[in-house]
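> coords please:
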Amino acid sequence: MSAVRLLAPLSLALLAACAHTPPHNVNLQTQSECPLQLQTGQMLTLTLPSNPTTGYRWLVQDPVANLLRSLGPEVYSNPEDAGLVGSAGQSVWRFQVQGAGAGHLLLVYQQPWAPEVPPVKTFDCAISVK
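Down below sits the predicted model:
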């Protein structure tokens, strides 16, 4: 079989594979980046400043479960170079976009044992998925 006969089907297969690559990931760090337009299959990473040593934590109030599937629990990290106990860090959540529709990803920053006290911060991001 000639090389041209082999390359033509291989080229078509590669082109088809490129057409089905998942959409790029979205990294969200501030509410000013909202509203978000997402596509099914995308990965959404949300990173917010956090300092659990103060007793405050980000709590997911509305995970828009019909649109986003959580890929695990919140992951907290603080900068290793800070060298200070109790210094602020960041909380990270990862989601996969799973369905079409619209909603709000809502988180509040409060002490979990005092839900009756208004949160000190709120993160509310409108999301629509095509």
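> Any buried residues in the host helix or strand of Y109, and which?
Here Y109, judged by DSSP states H and E, is contained in strand 101-110. Residues 103, 105-110 are the ones in strand 101-110 that count as buried (16 or more other C-beta atoms under 10 Å). Quick note: C-beta positions are derived from backbone N, CA and C, even for glycine.
> ok, so of those, who is nearest Q96?
Comparing the buried residues of strand 101-110 against Q96 with C-beta to C-beta places L105 closest, at 13.2 Å.
> contacting residues for the closest one?
Going by C-beta atoms under 8 Å, 6 or more residues apart in numbering, L105 touches 46, 60, 62-64, 68, 123-125, 127.
> Please type out the PyMOL selection for whichever of those turn out to be buried.
Selection of buried members from those for PyMOL, criterion 16+ other C-beta under 10 Å:
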select buried, resi 46+63+64+68+123+125+127
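> Mind putting the contacts of L105 into CSV with pLDDT and secondary structure?
Shown next, in CSV, are the contacts of L105 (pLDDT from 0 to 100; DSSP: H, G, I helix; E, B strand; the rest coil):
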residue, pLDDT, secondary structure
L46, 97, strand
V60, 93, strand
D62, 88, strand
P63, 85, coil
V64, 91, coil
L68, 95, strand
F123, 96, strand
D124, 96, strand
C125, 96, strand
I127, 95, strand
